[in-house]
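**Student:** Need coordinates for the below:
(one chain, ligands or ions: 1)
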Amino acid sequence: MTIAASAPAQQTVQSSPQPAAAKIFPYPLDAWYVAAWDHEVTAKTPLARTVAGKPLALFRDQDGQPAALADACWHRLAPLSQGKLLGNGEIQCPYHGLQYNAAGRCTHMPAQETINPSAVVPSYPAVERYRYVWVWVGDPEKADPDQIPDMHQMSSSEWAGDGETITADCNYQLILDNLMDLTHEEFVHSSSIGQDELSESDFDTSHDGQTVTVSRWMYDIDAPPFWLKNMRDKFPGFDGKVDRWQIIHYQYPGTICIDVGVAAAGTGAPEGDRSQGVNGFVMNTITPIDLETSHYFWAFMRNYCLDSQRITTQLRQGVHGVFKEDEDMLRAQQEAIRANPDHEFYSLSIDAGGMWVRRILDEALAAEGRSGSEKK
Ligand code: FES
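**Tutor:** Predicted coordinates for the structure are as follows:
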């Protein structure tokens, strides 16, 4: 990877990672990934979902806890996700009826009385948190729920909102790149949240071993249509300049929560008083399916007009439209990668955040004895 342009004069990139040459980006396995929204995982019907290359059958046991088993029966590999959930919290294979508990151990073989002790399917750690079911498909000894990324706004009474899932036709790191640099809004989302000041304004990048933060403030500007509407939901008739912020916070392996908003210009938002503005968190968490497709779970949470279902619905629909534009761009980008397998990526100063994310992921892959530039 080559740095192809220097930072515009106003930008204050604090530091830059070393360039990396990977273009087909593998995913770590020792990591918590979201497999599903909490409501998708039930005790009535198994859910088939592939996480980091592992096809899983997801369901709830008799205590209501989520369970994740390999989606292949011990006997002849029939998909357990097409089977039945029994009232006792177990799952029955759809082919010859073998039954498994949430730990993956076979508890019943209809055609014989004795159970072969080797009759087990792999089970994976699964935790319900922040309205999602998270799974760990790597070394189970390393699965520490305390390492689940912080997405507390999703389940806090101080925030309201909703979201959706996109099945994105691209490698997961293309989505992380997209979210770590929001100057693309000026070009991809010009009718909603884009504006010239995005690429003209200062930004700062900071990082540690598991997180990267990119902060950008734009002062005394016109609010773009999306934000003007939201200001008027909270402050009817609002008309005037705003201070706008975007604070992008990445957490390993694939979660990016973006603190976004605008406030009436000069009312103290940069110093911490956001009372004269509207504030949202764009909650994104990306789960690789394979090297060229990803589950993209997103939600928009706000801390104003908490009881308004109208605003929740309008925001979800608005963000849906914005993200559809990203989805189309990411698919086209993946197709171009396929058509240009030898072309290396180049990085600009705006890519500083995304490059630090790549560095963290490369280090995680190295810890698993793998390379960040490995190919299919
Ligand atoms: Fe599952 Fe035969 S394949 S019981």
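
**Student:** any idea which residue sits dead centre in this protein?
**Tutor:** Ranked by distance to the mean C-alpha position of the chain (C-alpha atoms, centre = their mean), the top residue is Thr285 at 1.3 Å.

**Student:** State the distance from Ile227 to the ligand.
**Tutor:** You called it Ile, but residue 227 is Trp. Separation of Trp227 from the ligand (C-beta to the nearest ligand atom, to the nearest Å) stands at 54 Å. From N, CA and C alone the C-beta is placed, and that goes for glycine too.

**Student:** Quickly list what the closest residue to that residue other than its chain neighbours is bridged to.
**Tutor:** Spatially, and ignoring its direct neighbours in sequence, Trp227 is nearest to Val262 (4.5 Å; C-beta to C-beta, 6 or more residues apart in numbering). In this entry, Val262 is beta-bridged to Arg244, Val278, by DSSP bridges.

**Student:** Close to the ligand: what parts of the stretch 51-200 of the chain are there?
**Tutor:** Cys73, His75, Arg76, Ala78, Cys93, Tyr95, His96, Gly97, Leu98 (C-beta under 6 Å from any ligand atom).

**Student:** Just give the closest residue to the fifth one, not the sequence neighbours.
**Tutor:** Excluding the flanking residues, the one nearest Cys93 by C-beta to C-beta, 6+ apart is Cys73, at 4.4 Å.

**Student:** okay, the residue nearest to Trp227: pLDDT?
**Tutor:** Residue-level confidence at Val262 comes out at 95, pLDDT.

**Student:** Please apply the same query to Tyr304.
**Tutor:** So Tyr304 comes in at 87 (pLDDT).

**Student:** since we're on it, how many residues are nearby?
**Tutor:** 19 (other C-beta atoms under 10 Å).

**Student:** roughly how far apart are it and the ligand?
**Tutor:** Relative to the ligand, and taking C-beta to the nearest ligand atom, Tyr304 is found at 52 Å.

**Student:** So that residue versus Trp245, what's the distance?
**Tutor:** Per C-beta to C-beta, to the nearest Å, Tyr304 is found 15 Å from Trp245.

**Student:** Report the secondary structure state of the residue of the chain most remote from its centre.
**Tutor:** Here the centre of the chain is the reference, and by C-alpha atoms, centre = their mean the most remote residue is Glu113, at 45.8 Å. Here Glu113 is coil, with the state taken from DSSP: H, G, I helix; E, B strand; the rest coil.

**Student:** What residues does it make contact with?
**Tutor:** Counting by C-beta atoms under 8 Å, 6 or more residues apart in numbering, Glu113 makes contact with nothing.

**Student:** Next, the buried residues of stretch 327-344.
**Tutor:** Across stretch 327-344, burial judged by 16 or more other C-beta atoms under 10 Å covers Glu327, Met329, Leu330, Gln333, Gln334, Ile337.

**Student:** Is the fifth one located within a helix, as I assumed?
**Tutor:** Going back to what we said before, that points to Gln334. Yes - residue state for Gln334 (three-state DSSP) corresponds to a helix.

**Student:** got the contact list for it?
**Tutor:** Counted by C-beta under 8 Å, 6+ apart, Gln334 has contacts Asp169, Cys170, Asn171, Leu174, Glu292.

**Student:** How about the first one?
**Tutor:** Remark: with contacts taken as C-beta under 8 Å, 6+ apart, Glu327 is in contact with Ile166, Ala168, Asp169, Tyr296.

**Student:** do you know how far the residue of the stretch 101-250 of the chain found nearest the ligand is from Leu179?
**Tutor:** Of all residues in the stretch 101-250 of the chain, the one sitting closest to the ligand is Met109 (7.9 Å; C-beta to the nearest ligand atom). Distance of Met109 to Leu179, computed by C-beta to C-beta: 48 Å.

**Student:** Give me the more crowded residue out of these two.
**Tutor:** Leu179 (25 against 17).

**Student:** Pull the CA coordinates from the host helix or strand of the more buried one and hand them back as CSV.
**Tutor:** Under the criterion of DSSP states H and E, Leu179 resides in helix 172-180. Extracted C-alpha coordinates of helix 172-180, given in CSV (Å, rounded to 0.1, in the frame of the first residue of the first chain):
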residue,chain,number,x,y,z
TYR,A,172,-15.9,-6.8,5.9
GLN,A,173,-12.8,-4.5,5.8
LEU,A,174,-14.3,-2.5,3.0
ILE,A,175,-17.2,-1.6,5.3
LEU,A,176,-14.8,-0.7,8.1
ASP,A,177,-12.9,1.5,5.7
ASN,A,178,-16.1,3.1,4.7
LEU,A,179,-17.1,3.9,8.2
MET,A,180,-13.7,5.1,9.4
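
**Student:** What residues sit buried inside that helix?
**Tutor:** Tyr172, Gln173, Leu174, Ile175, Leu176, Asp177, Asn178, Leu179, Met180.

**Student:** got it, and stretch 221-229?
**Tutor:** Here stretch 221-229 shows Ile221, Asp222, Ala223, Pro224, Phe226, Trp227, Leu228, Lys229 as buried, counting by 16+ other C-beta under 10 Å.

**Student:** same thing with stretch 111-119?
**Tutor:** For stretch 111-119, by 16+ other C-beta under 10 Å, it's Ala119.

**Student:** end-to-end on it?
**Tutor:** 14 Å (C-alpha to C-alpha, to the nearest Å).

**Student:** For the residue nearest to Cys93, which residues are in contact?
**Tutor:** Pro79, Leu80, Cys93, Tyr95, Leu98, Val121.

**Student:** please redo it, this time with the cut-off set to 7 Å
**Tutor:** Cys73 makes contacts with Leu80, Cys93, Tyr95, Leu98, Val121, as judged by C-beta atoms under 7 Å, 6 or more residues apart in numbering.

**Student:** Widest-spaced pair of these?
**Tutor:** For the contacts of Cys73, the farthest-apart pair by C-beta to C-beta is Tyr95 and Val121; their separation is 13.2 Å.
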